[in-house]
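Undergrad: Need a 3D model of the following:
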Amino acid sequence: MSESNLSSLPQRLDLQSLERLKIYYDLLLKWQKTVNLVGPRTLDQFWDRHLLDSLQLLTLIRKFTTDNPQTTIADLGTGAGIPGLLLALAGVENMTLVESDIRKSGFLREVARVTEVKITLENNRIEKIVGKDFDVILARALAPLPKLFDLAHPISKEDTTFIFPKGIKAEEEINDSKTGWQFSCLRHKSLSDDSGLILEISNLKPQQGNSVNG
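TA: Presented below is the predicted three-dimensional model:
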C-alpha cells in the first residue's frame, strides 16, 4: 500500500493510524486468498478504490464527533470494513460494524484484535438489529438510496445523519427516494470518483402512506 497519495486527504493521519492501516492491508491480502473480501481486481487500486474513498469521510464525520465524542456511528453491510473499519483505524471512535457474513466478520475481528482498535461488531442482518439507534449511519456500495432508507430508518433517531457515498446515479437515486421519503440532502464532491458524490442526509421521514417498520 503506497502512502504517496496521502496528501489527497483533507486531514492528516498520525503515525499510529498509518501503522494500523498498513496492518489492515497486509491482513486483507492474506485473507483474500481464501475469503472474497473485495473484488480481486480492486486490490491493485486499493488506494483510490477503497482507502481514499473511505477516509475522505473523516471531515464529515468529525463535524459530529469533535464536539460530541460519544457520537455513535454504524456502518451497514461493512463487508471488509469499508468504510467503517478503515475509519476506526484512522481514529474514529464508537464505531459499530454491521456484517451478516460469518467469514467477513472473522476478518473484522482479527484486524481489530491485531491493531487493538475498539469496535462493536454486529454479526447479523441489518433488519435483525433491535433496540439500537445511531447518531450517524454509513453505507457504501450496499443498495440504492430508497432501500438504504428502508434499512437505516428503524435504527435511526430524529436527528440522525446518514452519509452515503454514491456514484454516477446519485441524482437518479435521490429522485427515486422522494416518492417514499422526505429528507434534506447536502451533496459533497467525491475525492476518489470524478462522477461520484457523498450524500449527507438529515431530517429523514417516511412520506405519508409509506409503511416502514420501526
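
Undergrad: any idea of the mean pLDDT for stretch 99-115?
TA: For stretch 99-115, mean pLDDT is 97.

Undergrad: Show the model's pLDDT score for Leu6.
TA: Per the predicted model, pLDDT is 54 at Leu6.

Undergrad: next helix or strand past the worst-scoring helix or strand of the chain on mean pLDDT?
TA: Within the chain, no helix or strand scores below helix 46, which has a mean of 82 by mean pLDDT, DSSP states H and E. Once the chain leaves helix 46, the next helix or strand it forms, by DSSP states H and E, is helix 52-55.

Undergrad: That following helix packs against which elements?
TA: helix 84-89 (3 or more CB pairs under 8 Å, 6 or more residues apart in numbering; DSSP states H and E). For glycine as for every other residue, the C-beta is placed from the backbone atoms N, C-alpha and C.

Undergrad: what's the following helix or strand after the helix it packs on?
TA: strand 95-98.

Undergrad: for the protein, which helix is longest?
TA: Counting by DSSP state H, the longest helix found in the chain is helix 15-32.

Undergrad: residues in contact with that helix?
TA: Residues from elsewhere that reach helix 15-32 (CB atoms under 8 Å, 6 or more residues apart in numbering): 1, 3, 6, 13, 37-38, 40, 43, 46, 51, 80-81, 85-86, 89-91, 107, 110-111, 114-115, 117.

Undergrad: now with 10 Å?
TA: 1, 3, 6, 12-14, 35, 37-40, 43, 46-47, 50-51, 54-55, 80-82, 85-86, 88-92, 103-104, 106-107, 110-112, 114-117 (CB atoms under 10 Å, 6 or more residues apart in numbering).

Undergrad: Can you tell me which of the residues you listed are buried?
TA: Buried subset of these (neighbour count, 16 or more other CB atoms under 10 Å): 13, 37-38, 43, 46-47, 50-51, 54-55, 80-82, 85-86, 88-92, 104, 107, 111-112, 115, 117.

Undergrad: for the longest helix of the chain, which positions count as buried?
TA: Buried residues in helix 15-32 (16+ other CB under 10 Å): Ser17, Leu18, Arg20, Leu21, Ile23, Tyr24, Tyr25, Leu27, Leu28, Trp31, Gln32.
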